[in-house]
Structures are given as C-alpha cells and as structure tokens.
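Chemist: requesting a structural model of the entry that follows:
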Amino acid sequence: MCGECSNCKTVFDLGHVGLQGKGCIRDPMFLAQIAVPCSQNTLNESLYIQTPTKTLQWAQNLPGSTFSRVELGTRCVDSITQYAFIKRPLISGKSLLYEACIQYIVRESLIRGGFARGAAQVYDIFKLKDKSICFSMEVFLEAKPLSTILPHVSDMTALILELLLQLAAMLWHLSVDIGMNHRDLKPSNLMLEVRPHPVPLQLKIGEQSVTIQSRFTISLVDFGFSCIGSTVTQVSDIAIGNVYSPLDPCPKDGRDLFMFLAFLYMDCAPKIGPDLRRCFAKWLHNGTTGILGKIDKLGHAFDPWIYFITGSERILRFDSTPESIFMDLKAMA
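Modeler: Reported below is the predicted structural model:
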C-alpha cells in the first residue's frame, strides 16, 4: 500500500491512455478498480480499438518475448495516423495491465530525471474479445536492441563506457525516484539509437556528475518482470511475473546492473580488453566465486543462474551499485 499517495510519484491519470480514473499504482485498491472496456470490431478482429475518435489496427507480427506477443499497428487519433507497437499476452484472458502501468510510470520518472526517451510512451490500454488486456506504445523508429548491435561493434570499450555511464545514472534515478527494479535487464531489453552528431550530456548520481560527448540514446523496454517498492523496507507494492518470489526484496540496490553486466559479458567477452575484464570481475563479484569463468565456460546456458542469483531473497544488495560503477567509469573515462 502506498503510504504517501498524497505526494506519490507513481500516480497514474488513466485518462492519458483512454480509460477513466486516477490513483497511485502502489495502491492495490486503485489497481483492482481499473476498468478496461473492449472496443474490438466484431467483424474485423484486427481492428482492436474502434471509437468515433480513435482506431488501433494490427499491421504485422514482430519478434516477441517468451511471455508476450509484439505487433506493429497503425493508430489514428483525430485523423492523425501513426505507427504503434502493440503488446499482447500469449494466453487468452491474461492481462498486461500492470506492465502497462509500470512502463507509464517509468517513462514519467525518466523524463523527470532528464532522460526524455528513456522509455516508450504508453498510448492505449485496451481489452480484446478474448478478455486479454493489452497495450499500445510509442515507436522509436531508429532504435535497435543492443543485442543486435554488439556483434558489429569495433570499439567495444568506448561503447561500454558510454552505455554504462548512462545506464547507471538512469537506474540510480529510477531507484531513488520510484523504487523500481527492472529485473530482466539484458542487451535485448536495452534499445540504442545512434545520434547524427555527438552532443554534450551531463549525467549525475547524487553529488557525482560527469559530462560526456554522447553518441547514443538508450531506452528500456519489456517491463514484464518489474517491481516497484520501498527503498527503506524493500517490500514490493507492485510486482509482475512468476520468475521471482513474491517475497523478493524490491528494490535491491545494484541488482539490475549485476544482471545487465552478466548478460553483456556473455555477449561481448571476446571483444573486452584485460582492463575492462578486470572491472567486470570486480563488478560481478557478490559472494559468487569465478562467475566470469562460469560464463566463459557455459555461455548463455548460465542464464538461469543469473535469474537465480538476482532473485535470491538472502541477497539484499549487490556490489554493482550505480554509485560504485559510476565512480569506476569516471576514472576510466
């Protein structure tokens, strides 16, 4: 329950996504009362929303995640048409309502933190005739998953330094501002856009700051395992997915960076120099001996162990905190 909803940074005005009501997503009573109507066309089921002022229509299927289906659609509001990504549950009757709420709140938080494109805008939350609750979102046309870019990178050290500086600042802000953990942060869930020209970007964590010539814009996607909780009690107010225990402490300082660094190392270890490899060994050390050696040996077969480690109820904090990594990267940069 949200104990500070009068001054809550997780208040959601549902009018922005075509629904009615306003409340704090930390409040289970508010979440339980959200009503999502069905406006899918009876004869043309690819027309998901059809109202006098808005339509949303399926255009094509896209590569999805393990637990959901992603589509490209066309959205028309007041005679203005644009593309939209549509996320649907794989199983009829399932709901992505909580994921849509968290993505909306995360985007608002990142805007407050100075990351205007840190997450895609949620456009609509809607229900289909099979009772599935889905949502549509903004399309970043030039963005690509980091996982598809890594195989073609020549200067891996420069890329990693900039990405981790930005990511550390983003994750620090989300933890402090709304108590959020992504809990599935890996290169495939980090989108990257290349800027036409480098621009100065000031990044800040607490009293520490650094200005870089930024070549990239990064954004977070796929909030299907996310949680929002108290940084004091580490108790979740809202959590999604069945990979983590309901008692999983949330947020855990350093958890998302630990996971991201482990998956990043799997994908780019052959291109990492010895100095950066020593940093990875330092950042990923958390009572787990030889983790880099295990990843070198097993590759992505080690994936389940990353989720096991980051979801351990006995671990309340990881050494790979945004503050510590930010300091290390400043020294390297």
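
Chemist: who's sitting farthest from the centroid in the chain?
Modeler: Among the C-alpha atoms of the chain, the one most distant from their mean position (C-alpha atoms, centre = their mean) is that of residue 43, at 35.5 Å.

Chemist: element containing that one, please.
Modeler: Assigning secondary structure by DSSP states H and E places residue 43 outside every helix and strand.

Chemist: contacts only, for residue 325.
Modeler: Contact partners of residue 325, counting by C-beta atoms under 8 Å, 6 or more residues apart in numbering, are 164, 168, 257, 283. Quick note: C-beta positions are derived from backbone N, CA and C, even for glycine.

Chemist: go with 10 Å
Modeler: Residues near residue 325 by C-beta atoms under 10 Å, 6 or more residues apart in numbering: 164-165, 167-168, 171-172, 205, 254, 257-258, 261, 279, 282-283, 319.

Chemist: now, those that are in strands?
Modeler: Judged by DSSP state E, those include residue 205 as members of strands.

Chemist: let's see which of the contacts of residue 325 end up in helices.
Modeler: Mapping these onto helices (DSSP state H) picks out 164-165, 167-168, 171-172, 257-258, 261, 279, 282-283.

Chemist: close enough to count as contact, residue 266 and residue 300?
Modeler: Yes - using C-beta atoms under 10 Å, residue 266 is in contact with residue 300, at 5.8 Å.

Chemist: looking at the two, which one has more neighbours?
Modeler: Set side by side, residue 266 and residue 300 give different neighbour counts by other C-beta atoms under 10 Å, the larger being at residue 266 (19 against 11).

Chemist: thinking again about what came up before, pLDDT value on the residue farthest from the centre of the chain, please?
Modeler: The predicted local confidence for residue 43 comes out at a pLDDT of 93.

Chemist: the one 4 residues further on now?
Modeler: Model confidence at residue 47, expressed as pLDDT, equals 98.

Chemist: shaky segments in the stretch 1-150 of the chain?
Modeler: Counting by pLDDT under 70, the low-confidence segments of the stretch 1-150 of the chain come to 1-7, 64-66.

Chemist: returning to what we had before: shared neighbours of residue 266 and residue 300, which are they?
Modeler: residue 306.

Chemist: that older thread, dump the ones in helices among the contacts of residue 325 to a markdown table, plus pLDDT, distance to residue 145 and neighbour count.
Modeler: As requested, the ones in helices among the contacts of residue 325 are arranged in a markdown table below (pLDDT from 0 to 100; distance: C-beta to C-beta, whole Å; neighbours: other C-beta atoms under 10 Å):
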| residue | pLDDT | distance to residue 145 | neighbour count |
| --- | --- | --- | --- |
| 164 | 97 | 17 | 23 |
| 165 | 97 | 20 | 22 |
| 167 | 98 | 14 | 23 |
| 168 | 98 | 20 | 25 |
| 171 | 98 | 18 | 27 |
| 172 | 98 | 23 | 23 |
| 257 | 98 | 18 | 26 |
| 258 | 97 | 20 | 27 |
| 261 | 97 | 17 | 25 |
| 279 | 91 | 24 | 21 |
| 282 | 91 | 27 | 13 |
| 283 | 93 | 22 | 22 |
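
Chemist: just these now: which is nearest residue 210?
Modeler: Distances from residue 210 to the ones in helices among the contacts of residue 325, taken as C-beta to C-beta, are shortest for residue 165 (6.7 Å).

Chemist: what residues are up against that closest one?
Modeler: When the contact criterion is C-beta under 10 Å, 6+ apart, the partners of residue 165 are 201, 203, 205, 210, 212, 214, 325-326, 329-330, 332-333.

Chemist: hang on, the earlier thing: how much space between the residue farthest from the centre of the chain and residue 154?
Modeler: Look at residue 43 and residue 154: by C-beta to C-beta, to the nearest Å, they are 53 Å apart.

Chemist: likewise for residue 194?
Modeler: In this structure, residue 194 lies at 14 Å from residue 154, with C-beta to C-beta as the measure.

Chemist: please say which of the two ends up with more neighbours.
Modeler: In this comparison of residue 194 against residue 154, neighbours counted by other C-beta under 10 Å, the higher total goes to residue 194 at 11 against 7.

Chemist: tell me the helix or strand right after the host helix or strand of the more buried one.
Modeler: Element membership of residue 194, judged by DSSP H and E, is strand 190-205. Tracing the chain C-terminally past strand 190-205 and defining elements by DSSP H and E, one meets strand 208-220 next.
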